[in-house]
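>>> okay, sequence plus prediction incoming.
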Amino acid sequence: MRSDKVSVIGAGIAGITTAYYLAKAGIDVEIIDREKHPAMGTSYANGGQISVSNSETWNSYRNIWKGIKWLTNKSAPLRINITPSWEKYSWLIKFLSEVPNADKNTIETCLMAIESRELYKKIEIEENISFDSVKKGILHFYKSQKEFNHALNANKIYSKAGLNREVLTIEEIHNLEPSLILHNIIGGLYTESDFTGDIHKFCQELANKLKKEYRVKVLQEEITSLKDIENLVVVCAGTGSKRLAKTVGDHLPIYPVKGYSITIKDPQKAPWVSLLDDEAKIVASRLGQDRLRVAGTAEFNGYNMDIPDERIQPLIDWVQNNSPDTNISNIETWTGLRPMTPNMMPIVRKSRKFSNIWYHTGHGHLGWTLSAYTAKTITEKIIKDLV
Ligand SMILES: Cc1cc2nc3c(=O)[nH]c(=O)nc-3n(C[C@H](O)[C@H](O)[C@H](O)COP(=O)(O)OP(=O)(O)OC[C@H]3O[C@@H](n4cnc5c(N)ncnc54)[C@H](O)[C@@H]3O)c2cc1C
C-alpha cells in the first residue's frame with residue numbers, strides 16, 4: 001500500500017460511502033475487498049429500506065423475553081443457538097446492560113437516519129445513479145393491540161428527533177396499499193418520507209463512478225492484519241472488522257446477527273409501498289418494477305452461513321398470507337450477517353492505539369439507512385485530524 005493514500009478496507013455500503021466522501025474531499029483513495037466485486041457481503045440482498053421509521057434500538061426486556069419464549073421454535077423471528085460461546089454470551093450481557101440507554105440511542109439513531117436519507121437522495125441526483133429506488137414510503141402494520149400500543153408509545157420518542165409517523169385507519173391502509181390483505185390488521189403507522197432501493201446496485205454503481213470520475217482504485221485483496229499498514233486506513237469490513245481490529249489490540253464489540261431474504265422476480269401484483277410487519281420482524285420492498293425483496297429474522301448463531309428451509313419458509317408464508325396475489329414462482333434465497341454492536345450504535349472513530357487506523361462499522365440492522373451519514377461524519381473527523 002502507498003503511504004500517501006487512504007485505504008478503505010471493505011466495499012460494502014460502509015466502505016463505498018466512506019470512499020465517496022473522502023474522494024469528494026479531494027483525498028486519494030483506494031478500496032480493498034477480498035471479493036472481486038463490491039457489496040458481496042451483508043450489503044448484497046438486505047431488506048432494501050432506508051428507514052428512519054425503524055430507528056428504534058432492540059434493547060428492551062420485551063425483546064429479551066420474546067427471545068426466551070422462542071428458544072425452541074425453529075421458525076421464530078428471533079433465534080439463539082444456545083451452545084456455549086464466550087463471544088455470544090458476553091455480547092448478550094452487554095446488550096442487556098444497554099436497556100436503560102435505549103430511548104437515548106433511538107433518538108440519536110433517528111437523528112442520524114434523517115440526515116442520511118437526505119444524503120442518499122443527494123447522491124442519487126448528483127451522481128446520476130440508479131438503484132431501483134421506490135419513493136412510496138414505509139408502512140408499519142400491526143395485528144396485535146399490544147404491539148400497536150408499543151409502536152404508538154415509540155412515536156413519542158421518535159417525535160423528539162423530529163420524525164412523526166402518521167397513524168392510519170384500516171381504510172386508509174387499504175387505500176394506500178390495496179394488495180395488502182387486511183384481515184387481523186388493527187392499525188398502521190406510515191412514514192411517507194422513507195424509501196427503498198437496492199443496496200447492492202447502489203454500491204456497484206457508486207463504485208463505478210468512483211473508479212471513472214474520482215480516480216479511486218478498487219483492489220481485490222484479503223487483509224489479514226492491520227499491523228504493518230503505515231498509511232491511513234479506514235476499516236469498513238462489516239463482521240470482519242472485529243478480527244482485523246484484534247490484530248492491533250483494539251476491541252470492537254461486534255456480533256454477527258444473521259438474517260435471511262428472498263428476492264421474488266417478476267412479482268406482478270406485489271405491494272408497492274414498502275412494508276414492515278413489526279411482530280413478524282419482516283420487511284418487504286419493491287426494487288423497481290421487477291423484484292420484491294422480503295427479509296427478516298435475527299439469529300445468534302456465530303458466523304454460520306447455511307440457509308435452512310425452515311428459516312426461508314416463514315418469509316414465503318408471510319408473502320402468501322399478507323399479499324396472496326403476489327406471483328412467487330421465481331425466488332432467490334440469501335443470508336447475511338448484520339455487524340451488530342450491543343447498544344446498536346455504529347462505531348465511527350479512530351483506533352485508541354494507532355493514529356492512522358479508523359473504524360467505520362457496526363451498523364447492525366440499519367447499515368443501509370445510516371451509512372451515508374456516518375461516512376460523511378468519519379470523513380469530517382479524518383480531515384479535521386489531518387490538518
Ligand atoms: C436480512 C437483512 C436485512 C437487512 N435489511 C436492512 C434494511 O432494510 N435497511 C437497512 O438500513 N439495513 C438493513 N440491513 C443491515 C445492512 O444490510 C448492513 O448493516 C450493511 O449491509 C452492513 O454493511 P457493511 O459495509 O458494514 O458490511 P458488508 O456489506 O458486509 O461489507 C464488508 C465488506 O468487507 C469485506 N471484508 C471483510 N473482511 C475483509 C478483509 N479481511 N479483507 C478485505 N475485505 C474484507 C467483505 O468482503 C465485505 O465486502 C439488513 C441486514 C440483513 C442481514
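Received it, and whenever you're ready, just let me know what you need.

>>> what does stretch 237-244 rub up against?
Residues outside stretch 237-244 that contact it (Cβ atoms under 8 Å, 6 or more residues apart in numbering) are 9-10, 12, 14-15, 41-43, 223, 225-226, 235, 251-254, 256, 303, 337-339, 347, 359, 361-362, 367. In this view, the C-beta of every residue, glycine as well, is placed from N, C-alpha and C.

>>> select only the buried ones of the residues you listed in PyMOL?
Only the buried entries of the contacts of stretch 237-244 go into this PyMOL selection, using 16 or more other Cβ atoms under 10 Å:
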select buried, resi 9+10+12+14+15+41+42+43+223+226+235+252+253+254+256+337+338+339+347+359+361+362+367
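
>>> show me which of the contacts of stretch 237-244 neighbour the ligand.
Contacts with the ligand within the contacts of stretch 237-244, as defined by Cβ under 6 Å from any ligand atom: 9-10, 12, 14-15, 41-43, 223, 338-339, 361, 367.

>>> follow-up on the earlier one: can you tell me which of the contacts of stretch 237-244 are in helices?
Per DSSP state H, helices hold the following members of the contacts of stretch 237-244: Ala14, Gly15, Gly367.

>>> what is the nearest of those residues to Tyr214?
Closest approach to Tyr214 among those (Cβ to Cβ): Gly15, at 14.2 Å.

>>> from Thr109, how far off is the closest residue in space to that closest one that isn't next to it in sequence?
What sits nearest to Gly15 in space, not counting adjacent residues and going by Cβ to Cβ, 6 or more residues apart in numbering, is Cys236, at 3.6 Å. Separation of Cys236 from Thr109 (Cβ to Cβ, to the nearest Å): 19 Å.

>>> settle it for me: which of these two has more neighbours?
Neighbours per residue (other Cβ atoms under 10 Å) separate Cys236 from Thr109, with Cys236 holding more: 32 against 24.

>>> give me the three-state assignment for Leu315.
At Leu315 the chain is in helix, as set by DSSP: H, G, I helix; E, B strand; the rest coil.

>>> give the contact list for it.
Contacts of Leu315 by Cβ under 8 Å, 6+ apart are Tyr260, Ser261, Ile262, Ile282, Val294, Ala295, Gly296.

>>> with Leu292 instead?
Contact analysis of Leu292 by Cβ under 8 Å, 6+ apart lists Thr263, Ile264, Pro267, Ala270, Pro271, Ala284, Ser285, Arg286, Val319, Thr326.
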